[in-house]
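Enquirer: fold the following and give me the result.
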Amino acid sequence: MTRHNQIAMDCFESLSRTDSNKWHPNLWPPFTQVALTSPPQKVISANGAKLILEKDSRPLIDAISSWWVTLHGHSHPHIANAISQQARRLEQVIFADFNHPQAEQLAERLSKKTDLERLFFSDNGSTAVEVALKIAYQYWYNRDEQRHQIIAFDGAYHGDTFGAMAVGERNIFNAPFNKMLFPVKRLHWPATWWEDETVENREQIILEDLEKSLETPTAAVILEPLLQGAGGMAIVREEFLQKVALRVKQAEALLITDEVLTGFGRCGSLFAFQRAKITPDLIALSKGLTGGFLPMGVTLAKEQIFQTFVGDNPKLTLWHGHSFTANPLGCAAANASLDLLEKAPNLYQDFEARHLPHLQALSKHPKIEHPRLLGTIAAFDLVVDGPKGYMNPAGRIIKEKAMDYGVFLRPLGNVVYLLPPLCLTEEELEQCYSAIQLGLSAL
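Expert: Here you go, the predicted structure:
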């Protein structure tokens, strides 16, 4: 198997081989084979960057932001208060017939920050991508133009609904559904790292493949700007994305940026497309959108796209919706999260510089290769015997040793990364790197 075909093995890692907890008889956990995994530990509270476990009062640093969603830290009072106040006024209303101040405010703020005028609400990252794909495809249908090809990249992960699975890497996660997924043209992803001397040649080959692929009328190209998360924290250069965007524009196709992970400061700028200096036609957002408090997704689109869905003919309508579309509590959380980002942009702008000396020192370790750094995200590959990828057990050793040292990591096979909340202190950051060092010593 290739690295990407083994992605699901990450969910086989146990939190602790000595954990005496029993599986709850009524819960079905995500991305988990219960026959091969120890039961999870129970979290009873959390504050800032730390989790409090039921069986151990010692705090555990959440160094991956609880699957990349906890942006400002757990239980942030500004967001909690905003949700509480909103719940006393309006908790939910059907968005097909009504709107409300929190949704209007959030739409206006995100439109201003992205220069994309129209905002469609959904429930999570996968559905935000699903909506973007449907909009892109129907855009050409409404214009009566025959454009059916979708271009995506190897190693991508865009979610687990059917459209999102179709444009993601085909692997063990979606193997049972392969016959039901629409065809996608795939290109290689030229992941790079410090002192990579081959990246320009690899990029050029891919750009030539893109040009050839775009000769077929293409509805959209979808990518995770600058960073593939589940694909192994695989970073590409800004210059590469600029050349991709130029070719997509020349072919008059639409460019979709999936910023479910990369958005809201994770890559050092408010949105990754801004750091890459590209202009998407559609953007999918989730995860950090509400600061990790509530599930919510958003798809942003250019006004010219929206206008093709407006007319007297009902067939032009985007017939898509969710019961909790623009939920007022989620919108309140998102607005409060934006407040915090606007108040202290230095927290995400400066995080890369905070990582840098630690990763530079760590990268000298003989068991580390391909160190890479982007905004709040630091990553490297472990030098391992045998096949690399998600089935390699090295990451599990790092994970368990880090837990013993009070740090929660979730390596992607032999890829180890830190993706902490913005509130992480210098002392906590040092503890994270010390925990990794401890794990390396155990390999």
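
Enquirer: got a pLDDT number for the closest residue to residue 137 other than its chain neighbours?
Expert: Distances taken as Cβ to Cβ, 6 or more residues apart in numbering put residue 219 closest to residue 137, at 5.4 Å, once the chain neighbours are dropped. (Glycine included, C-beta is placed from N, CA and C.) Residue 219 is assigned a pLDDT of 98 by the prediction.

Enquirer: how close does residue 113 get to residue 271?
Expert: Counting by Cβ to Cβ, to the nearest Å, the gap from residue 113 to residue 271 is 7 Å.

Enquirer: of the two, which one has the most company?
Expert: residue 271 (24 against 16; other Cβ atoms under 10 Å).

Enquirer: the residue located most distally from the centre of the chain: which element?
Expert: Within the chain, residue 312 marks the point farthest from the mean C-alpha position, 37.6 Å out by Cα atoms, centre = their mean. Under the criterion DSSP states H and E, no helix or strand holds residue 312.

Enquirer: how near is it to residue 386?
Expert: Applying Cβ to Cβ, the value for residue 312 to residue 386 is 63 Å.

Enquirer: which residues does residue 49 contact?
Expert: Contacts for residue 49 (Cβ atoms under 8 Å, 6 or more residues apart in numbering) come out as 61, 62, 63, 73, 74, 420, 421, 423, 424, 425, 428.

Enquirer: could I get the full set of strands for the stretch 1-150 of the chain?
Expert: For the stretch 1-150 of the chain, the strands defined by DSSP state E, counting those that start in this stretch cover 43-47, 50-53, 60-62, 118-122, 149-153.

Enquirer: put together CSV for these, with mean pLDDT on each row.
Expert: Shown next, in CSV, are these (pLDDT from 0 to 100):
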stretch, mean pLDDT
strand 43-47, 95
strand 50-53, 96
strand 60-62, 98
strand 118-122, 98
strand 149-153, 98
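
Enquirer: dump these into a markdown table; add mean neighbour count and distance to residue 343 as well.
Expert: As requested, those are arranged in a markdown table below (neighbours: other Cβ atoms under 10 Å; distance: least, Cβ to Cβ, whole Å):
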| stretch | mean neighbour count | distance to residue 343 |
| --- | --- | --- |
| strand 43-47 | 14 | 20 |
| strand 50-53 | 18 | 22 |
| strand 60-62 | 24 | 22 |
| strand 118-122 | 23 | 22 |
| strand 149-153 | 23 | 35 |
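
Enquirer: distance to residue 377 added to the ones you listed, as JSON lines?
Expert: Formatted as JSON lines, those follow (distance: least, Cβ to Cβ, whole Å):
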{"stretch": "strand 43-47", "distance to residue 377": "21"}
{"stretch": "strand 50-53", "distance to residue 377": "20"}
{"stretch": "strand 60-62", "distance to residue 377": "15"}
{"stretch": "strand 118-122", "distance to residue 377": "25"}
{"stretch": "strand 149-153", "distance to residue 377": "18"}
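
Enquirer: tabulate the CA atom coordinates of the one helix or strand in the chain whose mean pLDDT sits lowest in PDB.
Expert: For the chain, scoring each helix and strand by mean pLDDT, DSSP states H and E identifies helix 394-404 as the least confident one, at a mean of 92. This file holds the C-alpha atoms of helix 394-404, laid out as PDB (Å, rounded to 0.1, in the frame of the first residue of the first chain):
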ATOM      1  CA  ALA A 394       6.400   4.500  15.000                       C
ATOM      2  CA  GLY A 395       3.900   7.200  15.500                       C
ATOM      3  CA  ARG A 396       2.100   5.100  18.100                       C
ATOM      4  CA  ILE A 397       5.300   5.000  20.200                       C
ATOM      5  CA  ILE A 398       5.600   8.700  20.000                       C
ATOM      6  CA  LYS A 399       2.000   9.200  21.000                       C
ATOM      7  CA  GLU A 400       2.100   7.000  24.100                       C
ATOM      8  CA  LYS A 401       5.400   8.500  25.400                       C
ATOM      9  CA  ALA A 402       4.000  12.000  24.800                       C
ATOM     10  CA  MET A 403       0.900  11.000  26.800                       C
ATOM     11  CA  ASP A 404       3.100   9.900  29.700                       C
END
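
Enquirer: what comes up buried for that helix?
Expert: By neighbour count on 16 or more other Cβ atoms under 10 Å, the buried set for helix 394-404 is 394, 395, 396, 397, 398, 399, 400, 401, 402, 403.

Enquirer: which other helices and strands does that helix contact?
Expert: Secondary-structure packing of helix 394-404 (3 or more Cβ pairs under 8 Å, 6 or more residues apart in numbering; DSSP states H and E): strand 377-382, strand 415-418, helix 426-442.

Enquirer: do I have it right that residue 244 meets residue 207?
Expert: Yes: in terms of Cβ atoms under 8 Å, residue 244 counts as a neighbour of residue 207; the distance is 7.2 Å.

Enquirer: same drill for the two, tell me which one is more crowded.
Expert: For residue 244 versus residue 207, neighbours defined as other Cβ under 10 Å are more numerous around residue 244 (24 against 17).

Enquirer: could you find the closest non-adjacent residue to the more buried one?
Expert: What sits nearest to residue 244 in space, not counting adjacent residues and going by Cβ to Cβ, 6+ apart, is residue 210, at 6.4 Å.

Enquirer: again, but for residue 401
Expert: Using Cβ to Cβ, 6+ apart and skipping the chain neighbours, the partner closest in space to residue 401 is residue 439 (3.9 Å).

Enquirer: can you get me a residue count around that neighbour?
Expert: Neighbours of residue 439 under the rule other Cβ under 10 Å: 27.

Enquirer: now residue 212
Expert: Neighbours around residue 212, by other Cβ under 10 Å: 10.

Enquirer: wait, is it part of a helix?
Expert: Yes: per DSSP: H, G, I helix; E, B strand; the rest coil, residue 212 lies within a helix segment.

Enquirer: now it: how far from residue 289?
Expert: Distance, residue 212 to residue 289, by Cβ to Cβ: 36 Å.

Enquirer: cool, and residue 202?
Expert: 33 Å.

Enquirer: the two: which has the busier surroundings?
Expert: Higher neighbour count among residue 202 and residue 289: residue 289, with 30 against 17, using other Cβ under 10 Å.

Enquirer: how about the secondary structure of the closest residue to residue 429 other than its chain neighbours?
Expert: Once flanking residues are discounted, residue 429 sits nearest to residue 354: 6.3 Å by Cβ to Cβ, 6+ apart. Under three-state DSSP, residue 354 falls in the helix class.
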